[in-house]
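A.B. asks: prediction below, plus the sequence it came from.
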Amino acid sequence: MTEDITPPVHWMRQSGKAHVWFLDQTRLPQEERWIDCYDVETLARAIETLQIRGAPALGVAAAYGLALAAWNSEELLPAKVAGDVRRAADRLRSTRPTAINLAWALERVLATGFDSLPTVEDIRQRLIEEAESILAEDIEMGRKMGQAGAALIPDDANIITHCHTGPLATGGYGTALGVVLAAHRAGKRVHVWVDETRPLLQGARLTCYDLARAGVPHTLITDSMAACLMALKKAALAAVGADRIAANGDVANKVGTYSLACLCRRHAVPFYVVAPSSTVDLSMPSGAHIPIEQRAADEVRTMRGTPVAPAGVPVFNPAFDVTPADLVTAIVTERGVHRPPYQDTLAAALARKR
Ligand code: MRU
């Protein structure tokens, strides 16, 4: 079985005006709608509304957003175009605070020295080259995580996962789901328990979509069914992604990940986190420092636009939670499988040259 890499976010410049072309993830699985995006504001809103989502995919989109600012700037002077790019970075940085990949990609593109280049054309080339490298590297990191992580999966394994960590959430390979897909391609028999992932149903809508496309057997459950599943010994391991990993190994990921990790500990089920090194933020000593995005109340009061609670009921809607490092069996990055103490093993892995 071969890999099928389709990035959910592309750069288009073959004909007409350069633009970003992305798959609207809010429409899936009912409709595969691709959107042509010509300006940074539209891209920023696409990120805020989760048309583009998943930590590594946010990094790719943010990098393309800076290229977009330069390519479609109407300014003629390099210094003015550079100003447009910096304003775009501020707008994109303000969209979603938890996934570090977004800020990481912006900083990486801003550090290319684009603002000291002599012509507007040079600036455009420098920015798009960097964005394309970020995409290519993300796919390559996905492959390496797939290889390292698949080795942790026994044959005939039942795997539980939360949220969506497949091709759509990344440059096109995936993180935790990439590992599952790699194990499947390697001929291992796997079955995935898919948490629906309330409130926005990334598991039900997107993970099931990716698994069905890849031909991997899977079963959808509501988030609250995970405990009963584990009590029945129906899960051999859990694999999830991450939006940010602190230096001590605490993991911010989709809300509900922490409960899953607690269940895994209670039932002696290994709990694996799979994420590229671009998700590790060594500047955060622990998860307590990670900013957690709070989202709109109507995401909880409604399901796909249909009210499911009294109008105006007070709501608590953090998009992410933090799983303490001591509940994490291992963290898989493109640099290998890291085990506790994460304070040491993550720092050593990131210090190694690629
Ligand atoms: O709010 P989302 O859908 O962007 O949240 C995504 C997640 O929490 C994923 O698990 C995480 O980004 C890892 S994706 C490879």
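C.D. replies: Now that the structure is in, tell me what you want to look at. Numbering: from 1, shown residues only.
A.B. asks: quick check, Tyr272 in a strand?
C.D. replies: Yes. Per DSSP: H, G, I helix; E, B strand; the rest coil, Tyr272 lies within a strand segment.
A.B. asks: beta partners of it?
C.D. replies: On the basis of DSSP bridges, Tyr272 is bridged to Ala239, Ala330.
A.B. asks: which residues are in contact with the closest residue to the ligand within the stretch 251-354 of the chain?
C.D. replies: When scored by C-beta to the nearest ligand atom, the stretch 251-354 of the chain has Lys254 as its residue closest to the ligand, at 3.3 Å. (Glycine included, C-beta is placed from N, CA and C.) Lys254 is in contact with 162-163, 197, 202, 240, 243, 319-321, counting by C-beta atoms under 8 Å, 6 or more residues apart in numbering.
A.B. asks: return the subset of those lying in strands.
C.D. replies: Using DSSP state E, 240, 320-321 are the members of the contacts of Lys254 that sit in strands.
A.B. asks: give me the buried subset of the residues you listed.
C.D. replies: The neighbour-count test (16 or more other C-beta atoms under 10 Å) marks 240, 320-321 as buried among these.
A.B. asks: turn these into a markdown table, columns for pLDDT and distance to Ala297.
C.D. replies: Below are these laid out as a markdown table (pLDDT from 0 to 100; distance: C-beta to C-beta, whole Å):
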| residue | pLDDT | distance to Ala297 |
| --- | --- | --- |
| Val240 | 99 | 26 |
| Phe320 | 98 | 17 |
| Asp321 | 98 | 18 |
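A.B. asks: from the stretch 101-250 of the chain, which residue is nearest to the ligand?
C.D. replies: In the stretch 101-250 of the chain, the residue that lies nearest the ligand is Gly241 (2.7 Å; C-beta to the nearest ligand atom).
A.B. asks: disregarding residues adjacent in the polypeptide, which is nearest to that residue?
C.D. replies: Closest residue to Gly241 apart from its sequence neighbours, by C-beta to C-beta, 6 or more residues apart in numbering: Thr165 at 3.5 Å.
A.B. asks: so the one you found: helix, strand or coil?
C.D. replies: Quick answer, by three-state DSSP: Thr165 is coil.
A.B. asks: ok, now Phe22?
C.D. replies: The three-state label given to Phe22 by three-state DSSP is strand.
A.B. asks: just checking, it touches Thr42?
C.D. replies: No. Counting by C-beta atoms under 8 Å, Phe22 sits too far from Thr42 to count as a contact (10.2 Å).
A.B. asks: that older thread, nearest to Thr26, of the contacts of Lys254?
C.D. replies: Proximity of the contacts of Lys254 to Thr26 (C-beta to C-beta) peaks at Gln202, which lies at 10.4 Å.
A.B. asks: surely that closest one meets Thr161?
C.D. replies: No. The pair Gln202 and Thr161 fails to qualify as a contact (C-beta under 8 Å) at a distance of 10.5 Å.
A.B. asks: which residues in the stretch 1-150 of the chain form strands?
C.D. replies: Here the stretch 1-150 of the chain has its strands, by DSSP state E, counting those that start in this stretch, at 9-12, 19-23, 34-37.
A.B. asks: in JSON lines: the ones you listed, plus mean neighbour count, mean pLDDT and distance to Ala111.
C.D. replies: Output for those, formatted as JSON lines (neighbours: other C-beta atoms under 10 Å; pLDDT from 0 to 100; distance: least, C-beta to C-beta, whole Å):
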{"stretch": "strand 9-12", "mean neighbour count": "19", "mean pLDDT": "96", "distance to Ala111": "20"}
{"stretch": "strand 19-23", "mean neighbour count": "21", "mean pLDDT": "97", "distance to Ala111": "21"}
{"stretch": "strand 34-37", "mean neighbour count": "16", "mean pLDDT": "97", "distance to Ala111": "24"}
